[in-house]
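**Q** Mind folding the following:
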Amino acid sequence: MRILLASSEAVPYAKTGGLADVATGLAKALATLGHDVSLVLPLYRRLIPEAKRGESVALLNIPMRQATVRGTVKRSLLSGTNVEVLLVDQPTFFDRRQLYTEDGEDYPDNAERFIFFSRAVMEIAQSLTRPHVIHVNDWQTALVPALIQHERTQGGRFINTGTVLTIHNMAFHGQFAPWQMELTGLPEEYFNWEQMEHFGHLNLLKTGIAFADRITTVSPTYAREITRPEYGYGLDPLLQSRQDRLVGILNGVDTQDWNPETDAALPAAYTAKTVIEGKARCKQALQRELGLAQAQDAFLMGMVSRMTDQKGLDLITAQADEILKADVQMVFLGTGDRYFEDALRSLQDRYPGRVAVKIGFDEKLAHRIEAGSDAYFMPSRFEPCGLNQQYSLIYGTLPIVHAVGGLADSVVDATPESIASQTATGFVFTNYHSEAFLDAVWRAFGIFVHHRVDWDGMVQNGMRHDASWGKSAMDYVRVYEQAIQQAGRSS
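**A** Okay, here's the model as predicted:
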């Protein structure tokens, strides 16, 4: 199968969140299954030098309003794979300091930037890759299914090309002023309440949902949640009407990058057989690196995250003083809302040697936090899939999570029954409330301190968890086959 994956970010080229990991991990897994995979993304300023020097393989001339926007497509290979990477080089749109925002504000021309990119994907599909299926991700590429469907109605191109839209986070719609509709090149009749218009605005995510042959999201639970008003962000009625095309597939993890047995970022490698000794050495080194007290028996909880309300920082900061009455330590790495950054800095100041906070991002330190922590904070208000809870399981670190989205699908709560059946892998609370979160922390602390045999058994359960991309990639292939069949019926 020829597969064209379109994404606004992918590692190691450009990343703001989990989308980048998923785009690359899925591309690799599909290629391993024997498919012909091309990954297309913008050529941003921050791209690695090898990619920028890629071979130019096509010129782009795309009419937008009264002008023609020109660009170049460069071809590279994803390191260590045969995945073709196609980079859309348009410096006016993509030679920026950041991907989507700067100084906390969206770029004012984001509509032009990503409508151009979507139309470039169409040209690439026609002239370079001729895919059986085009898989787009989030609002930045969600225009593509509408462009494909329009071509089908003209009786020409893409009659048998399936389209799949993956929604990584319903909170981001790509909503713009109605006059930006002109940029799409589509007829004005598409701008209606059932397809592209949403409360008077052009809504690109809604467009993708309305036109895609198949719609996926990043966990089975999130697929159910987004059809309800509390998680659907106003698009739940449309998703309800398209439930026959909607499926949730849990994201996989790149187990080459995330593997404690081979992870070069760790001071000590370990396996499931050597996890107790290995994690003890990693914990000691992490305490030393971050200025924490050298206390092997202290219950060390880590968190690597965007510091936002979505990630449950309000629960953590509300209960941190209560939790720190016990023999615990906390480590935080990330950046985000100034309020939470300042709250965590204040916590560090009040508890020197017991709380460590690093504002920013450090990929290698993130790995060391996963390996050196006993438990991992992930009490998200909502979480479409989440990757860090899966990294934690692989590294023998037990997650403390809110039962939403992919967290509910990947972590088994520690109950007497699940501990006895050797299926427990973490601590889950169902009500998004600081007292419920605190109860989950105390359950974790109690088992760590008083029932270490049970704790070690849960660590083994988590490390046996198969978080690789293999199964998820096969699930996507089945969705692609369905999309291709749907395309044939729609033509």
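**Q** in stretch 61-79, what counts as buried?
**A** Across stretch 61-79, burial judged by 16 or more other C-beta atoms under 10 Å covers 62, 69, 71-76, 78. In this view, the C-beta of every residue, glycine as well, is placed from N, C-alpha and C.
**Q** got the contact list for stretch 55-69?
**A** By C-beta atoms under 8 Å, 6 or more residues apart in numbering, the surrounding residues in contact with stretch 55-69 are 70-76, 86, 88, 90, 92-93, 112, 115-116, 119-120, 123-124, 127-128, 182-183, 185.
**Q** Quick one: mean pLDDT for it?
**A** Regarding stretch 55-69, the rounded mean pLDDT is 94.
**Q** Can you spell out which helices and strands pack onto the longest helix seen in the chain?
**A** Using DSSP state H, we find that the single longest helix of the chain is helix 470-490. The contact analysis (3 or more C-beta pairs under 8 Å, 6 or more residues apart in numbering; DSSP states H and E) places helix 470-490 against helix 18-32, strand 133-137, helix 144-153, strand 162-167, strand 214-217.
**Q** contact partners of that helix?
**A** Contacts with helix 470-490, where a contact means C-beta under 8 Å, 6+ apart, come from 1, 3, 26, 29-30, 32-33, 35, 132-133, 135, 149, 152, 158-164, 212-214, 216, 245, 247, 249-252.
**Q** Let's see the PyMOL selection covering just the buried ones among those.
**A** To isolate the buried members of these in PyMOL, using 16+ other C-beta under 10 Å:
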select buried, resi 1+3+26+29+30+35+132+133+135+149+152+158+161+162+163+164+212+213+214+216+245+247+249+250+251+252
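**Q** Please give the element, helix or strand, for residue 399.
**A** strand 398-402 (DSSP states H and E).
**Q** And residue 3, by the same measure?
**A** Element membership for residue 3 (DSSP H and E) is strand 2-6.
**Q** what about residue 276, neighbour count?
**A** Using other C-beta atoms under 10 Å, residue 276 has 12 neighbouring residues.
**Q** And for residue 155?
**A** When neighbours are counted by other C-beta under 10 Å, residue 155 registers 8.
**Q** Same question for residue 7.
**A** Residue 7: 27 surrounding residues under other C-beta under 10 Å.
**Q** just to revisit the earlier point, how far does the strand holding residue 3 sit from its chain's centre?
**A** In terms of C-alpha atoms, centre = their mean, to the nearest Å, the centre of strand 2-6 is found 18 Å from the chain centre.
**Q** for the stretch 151-300 of the chain, which spans come out with low pLDDT?
**A** Across the stretch 151-300 of the chain, nothing is flagged by pLDDT under 70.
**Q** which residues are contacting the strand holding residue 399?
**A** For strand 398-402, using C-beta under 8 Å, 6+ apart, the contacting residues are 301, 312, 374-381, 383, 386, 388-389, 392-393, 407-408, 411, 414, 425-430, 432, 437, 440-441, 444, 455, 458-459, 462.
**Q** Can you tell me which of those residues are buried?
**A** By neighbour count, with 16+ other C-beta under 10 Å, the contacts of strand 398-402 hold 301, 312, 374-380, 383, 386, 388-389, 392-393, 407-408, 411, 414, 425-429, 432, 437, 440-441, 444, 455, 458-459, 462 as buried.
**Q** Which ones among the residues you listed map onto helices?
**A** Of the positions in the buried ones among the contacts of strand 398-402, 388-389, 392-393, 407-408, 437, 440-441, 444, 455, 458-459, 462 sit in helices, assigned by DSSP H.
**Q** Now pLDDT and distance to residue 229 too, for the residues you listed, in JSON lines please.
**A** Below are these laid out as JSON lines (pLDDT from 0 to 100; distance: C-beta to C-beta, whole Å):
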{"residue": "388", "pLDDT": "95", "distance to residue 229": "28"}
{"residue": "389", "pLDDT": "97", "distance to residue 229": "26"}
{"residue": "392", "pLDDT": "98", "distance to residue 229": "31"}
{"residue": "393", "pLDDT": "98", "distance to residue 229": "32"}
{"residue": "407", "pLDDT": "98", "distance to residue 229": "21"}
{"residue": "408", "pLDDT": "97", "distance to residue 229": "19"}
{"residue": "437", "pLDDT": "98", "distance to residue 229": "24"}
{"residue": "440", "pLDDT": "98", "distance to residue 229": "27"}
{"residue": "441", "pLDDT": "98", "distance to residue 229": "30"}
{"residue": "444", "pLDDT": "98", "distance to residue 229": "33"}
{"residue": "455", "pLDDT": "98", "distance to residue 229": "39"}
{"residue": "458", "pLDDT": "98", "distance to residue 229": "36"}
{"residue": "459", "pLDDT": "98", "distance to residue 229": "39"}
{"residue": "462", "pLDDT": "97", "distance to residue 229": "34"}
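**Q** Show me the shaky parts of the stretch 351-491 of the chain.
**A** Applying pLDDT under 70 to the stretch 351-491 of the chain flags the ranges 491.
**Q** one step back: tell me which of the ones in helices among the buried ones among the contacts of strand 398-402 is nearest to residue 343?
**A** Ranked by distance to residue 343 (C-beta to C-beta), those are led by residue 437 at 15.5 Å.
**Q** any idea how far the nearest residue to the closest one once chain neighbours are set aside lies from residue 232?
**A** Of all residues not flanking residue 437 in the chain, residue 315 sits nearest, at 4.3 Å (C-beta to C-beta, 6 or more residues apart in numbering). Separation of residue 315 from residue 232 (C-beta to C-beta, to the nearest Å) stands at 23 Å.
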